[in-house]
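Asks: no FASTA, just this:
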């Protein structure tokens, strides 16, 4: 392979790998540090309404809270819990599924509200975002039900919290200067230990992440993924959408903003609001095929490795497609 092909790929991949590695480092460090401090009970309080029925330990609640701010950091925390034995593979898959809605929440403030709703208009924008929120919530609740049915004490390390609670530093305690100095030393010791664990995790994940990103990016440059958009016409015909839906689906599959800008002028003439949202959701179904190659495989393989990463991709993509399809049927019914 010519260096003229590889070098631009490396220059494109390097910033992404560095950014993702930074978020993973934050998530893994936070996972180790809050457990060491015994802060799990405080941070995971609200999420316990989801984790407790699903037979998941409170540590997972910290990952859920973190996911609402950064999906990558939240996944990094779950990867650390799996690596340390807090969660087995089945429990990790359930936790990843429950995380779905909280990963969606951050996009409301970073993309949907400031970008997509102004393009689509208030009625269609809120209808589309509401549909995506309902889909994400349905997937999260599916994860909770799966935890109820599939998980037990055999799938989690129930003693993890007991081992850390009371062993951490009481950051609110008052005492003599000697006591405070001792607390400061304990905090530094815990932070150093968390940093060492984080570095160990990064040494395992980042090289794998970089290699997979490079290989997938090279594959995308030599493969015509436009052929995948041949799925658009049968899908739009199946649900009775106008012929103009096909180019919108194709645009939406490769770039959400472009797809929204494409359909916006036709809302109210060619498309009803419900048809417009259904068209964009079909674009989302097609886009999963593309985004799996562009983002999911490199990211999930980097986090989990090929074997378990493939399981995460199948569960994530399968559930999203199923609930997107249900939403489309309900919209055009």
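Replies: Received the coordinates, thanks. Computed from a prediction, not measured in an experiment: that's the story for all the values here.
Asks: excluding chain neighbours, what is closest to the most centrally placed residue in the chain?
Replies: Nearest to the geometric centre of the chain sits residue 71, at 4.6 Å (CA atoms, centre = their mean). Leaving aside its sequence neighbours, residue 71 sits nearest to residue 103 (CB to CB, 6 or more residues apart in numbering; 4.4 Å). All C-beta spots, glycine's among them, are computed from the backbone N, C-alpha and C.
Asks: wait, what's in contact with the one you found?
Replies: 67-68, 71, 74, 136 (CB atoms under 8 Å, 6 or more residues apart in numbering).
Asks: the bottom helix or strand of the chain by mean pLDDT?
Replies: Every helix and strand in the chain was compared by mean pLDDT, DSSP states H and E; the lowest is helix 160-164, with a mean of 41.
Asks: rebuild the contacts of residue 103 as JSON lines, extending it with distance to residue 324.
Replies: Formatted as JSON lines, the contacts of residue 103 follow (distance: CB to CB, whole Å):
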{"residue": "67", "distance to residue 324": "20"}
{"residue": "68", "distance to residue 324": "22"}
{"residue": "71", "distance to residue 324": "19"}
{"residue": "74", "distance to residue 324": "22"}
{"residue": "136", "distance to residue 324": "11"}
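Asks: any idea how many residues pack against residue 56?
Replies: Residue 56 is flanked by 30 other residues according to other CB atoms under 10 Å.
Asks: okay, it: pLDDT?
Replies: Looking at residue 56, its pLDDT stands at 93.
Asks: pretty sure it sits against residue 152.
Replies: No - contact criterion CB atoms under 8 Å: residue 56 and residue 152 do not qualify, at 11.1 Å.
Asks: identify the residues contacting residue 236.
Replies: Residue 236 neighbours (CB under 8 Å, 6+ apart): 242-243, 245-246, 249, 279, 282.
Asks: does it sit in a helix or strand, and which one?
Replies: Assigning secondary structure by DSSP states H and E places residue 236 in helix 232-238.
Asks: which strands or helices does whichever helix or strand comes after that helix pack on?
Replies: Once the chain leaves helix 232-238, the next helix or strand it forms, by DSSP H and E, is helix 245-254. If contacts are counted by 3 or more CB pairs under 8 Å, 6 or more residues apart in numbering; DSSP states H and E, helix 245-254 sits against helix 232-238, helix 256-263, helix 273-291.
Asks: report the mean per-residue pLDDT for helix 245-254.
Replies: 79.
Asks: got it, and stretch 128-135?
Replies: Mean predicted confidence for stretch 128-135 is 95.
Asks: same check, this time on stretch 8-18
Replies: 71.
Asks: again, but for stretch 68-76
Replies: Average pLDDT, stretch 68-76: 81.
Asks: okay, the residue nearest to residue 257 when sequence neighbours are not counted: pLDDT?
Replies: Closest residue to residue 257 apart from its sequence neighbours, by CB to CB, 6+ apart: residue 115 at 6.4 Å. Predicted confidence (pLDDT) at residue 115: the value is 82.
Asks: from residue 258, how far off is residue 115?
Replies: Note on residue 115: its distance to residue 258, by CB to CB, to the nearest Å, is 12 Å.
Asks: next: residue 111.
Replies: 14 Å.
Asks: over to residue 59?
Replies: In terms of CB to CB, residue 59 sits 40 Å off from residue 258.
Asks: if I look at residue 211, how far off is residue 297?
Replies: Taking CB to CB, one finds residue 211 at 12 Å from residue 297.
Asks: tell me which of the two has more neighbours.
Replies: Each of residue 211 and residue 297 has its neighbours counted (other CB under 10 Å); residue 297 has more, 20 against 15.
Asks: can you confirm the more buried one is in a strand?
Replies: No - under the criterion used here (DSSP: H, G, I helix; E, B strand; the rest coil), residue 297 is helix, not part of a strand.
Asks: was I right to think it contacts residue 314?
Replies: No - in terms of CB under 8 Å, residue 297 does not count as a neighbour of residue 314; the distance is 11.5 Å.
Asks: what's the neighbour count on the residue nearest to residue 257?
Replies: 15.
Asks: over to the one 4 residues further on?
Replies: Using other CB under 10 Å, the number of residues around residue 119 comes to 17.
Asks: again with residue 310
Replies: With other CB under 10 Å as criterion, residue 310 counts 14.
Asks: can you redo the contacts of residue 103 as a markdown table with secondary structure and distance to residue 145?
Replies: Formatted as a markdown table, the contacts of residue 103 follow (DSSP: H, G, I helix; E, B strand; the rest coil; distance: CB to CB, whole Å):
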| residue | secondary structure | distance to residue 145 |
| --- | --- | --- |
| 67 | helix | 19 |
| 68 | coil | 21 |
| 71 | helix | 22 |
| 74 | helix | 21 |
| 136 | helix | 15 |
